[in-house]
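Visitor: Sequence and predicted structure are below.
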Amino acid sequence: MVSYPLSVFLDTNVFKGVKYNFGEKGTLSNIKNLVIEGKIKLYTSNIAVEETKRHIESDISEAISLFNKAHKDISKKISCSIAESSLLCHLFEKPSKEIIVQDAIKKFRDFLNEAKIIILDNEGININLIIDDYFNCNPPFENRKGKKYEFPDALMISKLKHEFNKDKPIWIISSDNGFKEAFYNQEGYTCLSSVNELLDIINKQYKMYVRIEEYINVNKEEICNELNMKIESDDIYVDGFDSDKKGCTEGYDYTETFITDACVENYYLSSVDEINENFVYLTIMCEAKITASCYYNIDIWDSDEKECLFSYEMENEEEHKPKFECSLTLEVNDKDDSIEFSIFNISYNLTLDQSSRVKRSEVEPEDPSILAEAEYMEALEEYYNH
């Protein structure tokens with residue numbers, strides 16, 4: 001059994017991993033609630049705070065670059081004047097990096113204060129031990145090529161070993177294997193890869209956890225059917241491009257995609273993220289088979305006249321077998337000392353692209369004359385080009 005309050009250290013990659021979601025519905029909000037309930041005490045370091053600020057700025061810069069590229073593509077299709085009275089008008093507003101970064105860093109600072117996070121400083125760090133680890137290639141310096149970049153981690157590791165021990169244990173959350181390796185087989189340090197893992201451990205102590213597992217296993221058909229219907233009704237885009245390791249891209253720029261069939265073939269319970277009086281929040285890992293109809297245009301151009309000679313729409317059928325994470329909310333119904341569950345909400349993070357695609361086939365047009373005319377125009381274009 002876990003004794004409370006738990007001391008929990010959050011590494012930089014924890015904040016980056018949740019995409020800096022410090023809102024009331026994110027994973028970090030669940031951690032903050034556990035602080036308020038007195039179940040955990042949160043720690044991070046001054047180094048992790050500064051690294052997170054730097055990552056926030058660089059990731060926002062990258063996101064704005066992507067937005068600007070999309071803005072340029074949108075402007076090729078429609079003018080800002082046609083969208084002035086619609087929701088699309090916001091797409092033409094150029095974002096201010098400085099304002100967004102300022103706001104994001106403020107939300108980060110607010111979270112640190114609201115979650116009462118104790119920020120560890122550099123006092124008590126043993127520099128000699130860090131130097132020894134560096135020359136002996138001990139974690140986190142086991143990667144010779146990037147050893148010099150691990151000094152910030154080494155400082156944090158040294159501070160944690162100075163502050164905590166088997167009599168004053170701490171749970172360390174980090175997705176950095178080298179960082180966690182530094183605490184391997186040392187009493188007083190429990191390393192986890194994600195906040196969800198910690199939430200799962202805490203929630204497993206609830207008696208309801210067993211009932212949740214029973215429900216998930218017994219009601220697989222119902223849950224899969226609900227997921228199938230949602231996937232088929234949602235507007236899920238299918239990426240028709242393929243990219244190799246050199247960055248070369250080829251494939252299809254689909255104008256429209258429709259999910260024609262969805263079948264969740266299997267899932268397993270990944271974690272119980274939160275339990276309260278009314279709802280249970282779960283994460284399940286799913287495997288599905290999904291078929292989609294994907295449409296794209298082929299344009300035959302006259303290079304001399306610089307005009308389109310002929311345009312026609314083609315269809316591909318794509319089959320995908322994605323593995324994806326699904327968030328499942330169950331409503332809790334207490335009846336005569338028994339607990340029953342019902343599905344309240346399902347959401348998922350599903351991407352259909354080259355990583356999930358297993359098959360692609362071209363669908364013959366219903367009217368054969370369209371394809372014949374297209375082939376004729378292509379041959380004609382080829383003739384004039386030569």
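Guide: Happy to help now that I have it.
Visitor: List the buried residues in the helix or strand containing residue 317.
Guide: Assigned by DSSP states H and E, residue 317 falls within strand 307-320. Buried positions in strand 307-320, judged by neighbour count with 16 or more other C-beta atoms under 10 Å: 310, 314-316, 318, 320. Where you see a C-beta, it was placed from the backbone N, CA and C, and this is true even at glycine.
Visitor: Then stretch 285-296?
Guide: Of all the residues in stretch 285-296, those buried under the rule 16+ other C-beta under 10 Å are 286, 288, 290, 292-296.
Visitor: Just the ones in strands from those, please.
Guide: Members of these lying in strands (criterion: DSSP state E): 286, 288, 290, 292-296.
Visitor: Phi and psi next, for residue 238.
Guide: Backbone geometry at residue 238, expressed as degrees, to the nearest 10, gives phi -110, psi 120.
Visitor: any idea which helix or strand carries the residue nearest to it when sequence neighbours are not counted?
Guide: The shortest distance from residue 238 to any non-neighbouring residue, by C-beta to C-beta, 6 or more residues apart in numbering, is to residue 257 (4.0 Å). Secondary-structure assignment from DSSP H and E places residue 257 in strand 256-275.
Visitor: CA atoms of that strand as CSV?
Guide: The C-alpha trace of strand 256-275 is given here as CSV (Å, rounded to 0.1, in the frame of the first residue of the first chain):
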residue,chain,number,x,y,z
GLU,A,256,-12.2,14.4,-49.2
THR,A,257,-12.0,11.3,-47.0
PHE,A,258,-14.8,9.2,-45.6
ILE,A,259,-14.6,6.3,-43.1
THR,A,260,-16.7,3.6,-44.6
ASP,A,261,-16.1,0.9,-42.0
ALA,A,262,-14.6,0.7,-38.6
CYS,A,263,-14.0,-2.3,-36.4
VAL,A,264,-12.2,-2.1,-33.1
GLU,A,265,-10.8,-5.6,-32.9
ASN,A,266,-9.2,-5.5,-29.5
TYR,A,267,-8.4,-3.2,-26.5
TYR,A,268,-6.9,-3.4,-23.1
LEU,A,269,-7.1,-1.3,-20.0
SER,A,270,-4.0,1.0,-19.9
SER,A,271,-4.7,3.1,-16.8
VAL,A,272,-7.4,4.3,-14.4
ASP,A,273,-6.8,8.0,-14.4
GLU,A,274,-9.4,9.3,-12.0
ILE,A,275,-12.2,8.1,-9.8
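Visitor: Next, the angle strand 307-320 makes with it.
Guide: What separates the directions of strand 256-275 and strand 307-320 is an angle of 40 degrees, with axes from the mean of the first three to the mean of the last three C-alpha atoms, to 10 degrees.
Visitor: Which strands and helices lie in contact with strand 256-275?
Guide: With contacts defined as 3 or more C-beta pairs under 8 Å, 6 or more residues apart in numbering; DSSP states H and E, strand 256-275 has these neighbours: helix 27-36, helix 195-203, helix 208-218, helix 220-233, strand 279-302, strand 323-335.
Visitor: hang on, residue 185 is in a helix, isn't it?
Guide: No: with DSSP: H, G, I helix; E, B strand; the rest coil as the criterion, residue 185 is assigned coil and is not in a helix.
Visitor: tell me the pLDDT at it?
Guide: Looking at residue 185, its pLDDT is 86.
Visitor: swap in residue 201?
Guide: 84.
Visitor: Could you do the one 10 residues further on as well?
Guide: Per-residue confidence (pLDDT) for residue 211: 88.
Visitor: Tell me the confidence at the closest residue to it other than its chain neighbours?
Guide: For residue 211, the nearest residue in space outside its immediate sequence neighbours is residue 339; the separation is 5.3 Å by C-beta to C-beta, 6+ apart. Model confidence at residue 339, expressed as pLDDT, equals 82.
Visitor: got the contact list for residue 339?
Guide: Neighbouring residues of residue 339 by C-beta atoms under 8 Å, 6 or more residues apart in numbering: 208, 211, 332-333.
Visitor: and the residues you listed as JSON lines, adding distance to residue 222?
Guide: Conversion of those to JSON lines gives the following (distance: C-beta to C-beta, whole Å):
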{"residue": "208", "distance to residue 222": "19"}
{"residue": "211", "distance to residue 222": "16"}
{"residue": "332", "distance to residue 222": "17"}
{"residue": "333", "distance to residue 222": "15"}
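Visitor: just those residues now: which is nearest residue 120?
Guide: Taking C-beta to C-beta as the measure, residue 208 is the one of those closest to residue 120, at 35.1 Å.
Visitor: That closest one: what's it in contact with?
Guide: Listed by C-beta under 8 Å, 6+ apart, the contact partners of residue 208 are 275, 280, 332, 339.
Visitor: Mind checking which of those are buried?
Guide: The neighbour-count test (16+ other C-beta under 10 Å) applied to those identifies 275, 280, 332 as buried.
Visitor: Quick check, the last one in contact with residue 338.
Guide: Think residue 332. No: Residue 332 lies out of contact with residue 338 (C-beta atoms under 8 Å); the separation is 11.2 Å.
Visitor: The longest helix anywhere in the chain packs against which elements?
Guide: The helix that spans the most residues within the chain, counting by DSSP state H, is helix 46-77. Contact here means 3+ C-beta pairs under 8 Å, 6+ apart; on that basis helix 46-77 packs against helix 12-17, helix 97-114, strand 118-120, helix 151-163.
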